[in-house]
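# predicted coordinates and the sequence they were generated for:
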Amino acid sequence: MIIKATVENARLLVAIGESSFIDSHGISAAKKDIDEYVALKFNVKTFTEELQDFNNHFYIIYHNEIPVGYSKIIFNYSNPNIDKKNVAKLERLYLLKEFHHLKLGIELLNFNIEVAKTHNQTGMWLFVWTENTKAFNFYTKVGFKIIGSYDFKLSETHSNPNYQMLLTF
C-alpha cells in the first residue's frame, strides 16, 4: 500500500529518512559531517515545512501495514541540463534496508512514475551518489541515463560527487 504523506507523518518520515540516509551514505564522509547533515535535514521541523509546501509530494510505502519507505517528488522542476518541459525531480526514494529484498523500491518508483505521468510530466530526474552502486544500478536498470554531475554538499568541508540521471517517459 502506498499513501500520500501529511504533516502528521513528519516523525515517521524523519525516522525512515535518517535510517535510510545513514545506511546508504554513512560511509561517504566523516562521522561528524554525517551527524551534522542528519541533524540539519532529518528533524520534525524540516519535514513539517517540506510537507506544508504544496510543491512537494511525499508518499509512504507500507509492507504488512508497517511503513518501510517513502519518496519525495516535485513536479515541473526544471534543470539546466534538461531541455524538456514538465519534468519531475525525484528528490528522495528511501527504503529501510531490511526491506530491500522485497522489491518495494521498484514498486515505489513505478508508483512515482505513474503519478508523474498523471501530472503531465515528460520525464523524471534525480541525483545519485556515484559510490552508491546499488542505487545507481537500480536506476540504470529501469532506464535512467546519466546526463550530468553534481557535487552534493554534505557539510561546509565535504561534498559527495553525484550523477544526475534522467528517465524520459
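Arrived safely, thanks for sending. Numbers count the residues shown, from 1 in each chain.

# next one, pLDDT for the spatially most central residue of the chain please.
Among the residues of the chain, the one closest to the centroid is R92, at 0.9 Å (CA atoms, centre = their mean). Looking at R92, its pLDDT reads 97.

# ok, and the closest non-adjacent residue to it?
Leaving aside its sequence neighbours, R92 sits nearest to K72 (CB to CB, 6 or more residues apart in numbering; 4.2 Å). In short, each C-beta sits where N, CA and C put it, glycine included.

# quick one: contacts for the one you found?
50, 56-58, 90-92 (CB atoms under 8 Å, 6 or more residues apart in numbering).

# let's verify it: helix, strand, or coil?
What DSSP: H, G, I helix; E, B strand; the rest coil gives for K72 is strand.

# does F138 belong to a helix, a strand or coil?
Under three-state DSSP, F138 comes out as helix.

# an error on my part: the question was meant for I106.
helix.

# which residue, neighbours along the chain excluded, lies closest to it?
In space, and not counting its chain neighbours, I106 is closest to V142: 7.1 Å by CB to CB, 6+ apart.

# I'd assumed N112 was in contact with that neighbour.
No - the criterion here is CB atoms under 8 Å, and V142 misses it with N112 at 11.1 Å.

# in terms of helices and strands, where is the closest residue to K97 other than its chain neighbours?
Nearest in space to K97, with sequence neighbours left out and distances taken as CB to CB, 6+ apart, is D23 at 4.8 Å. Here D23 sits within helix 10-25, counting by DSSP states H and E.

# by contact count, what packs against that helix?
helix 31-41, helix 44-52, strand 56-63, strand 66-74, strand 87-95 (3 or more CB pairs under 8 Å, 6 or more residues apart in numbering; DSSP states H and E).

# walk me through which strands whichever strand or helix holds D151 pairs with, and which way each runs.
Element membership for D151 (DSSP H and E) is strand 145-153. Counting by DSSP bridges, the strands paired with strand 145-153 are strand 159-168 (antiparallel).

# any idea how far the strand it pairs with is from the chain center?
12 Å (CA atoms, centre = their mean, to the nearest Å).

# now do it, average pLDDT.
Per-residue scores along strand 159-168 average to 96.

# so which bits of that strand are buried?
160, 162-167 (16 or more other CB atoms under 10 Å).
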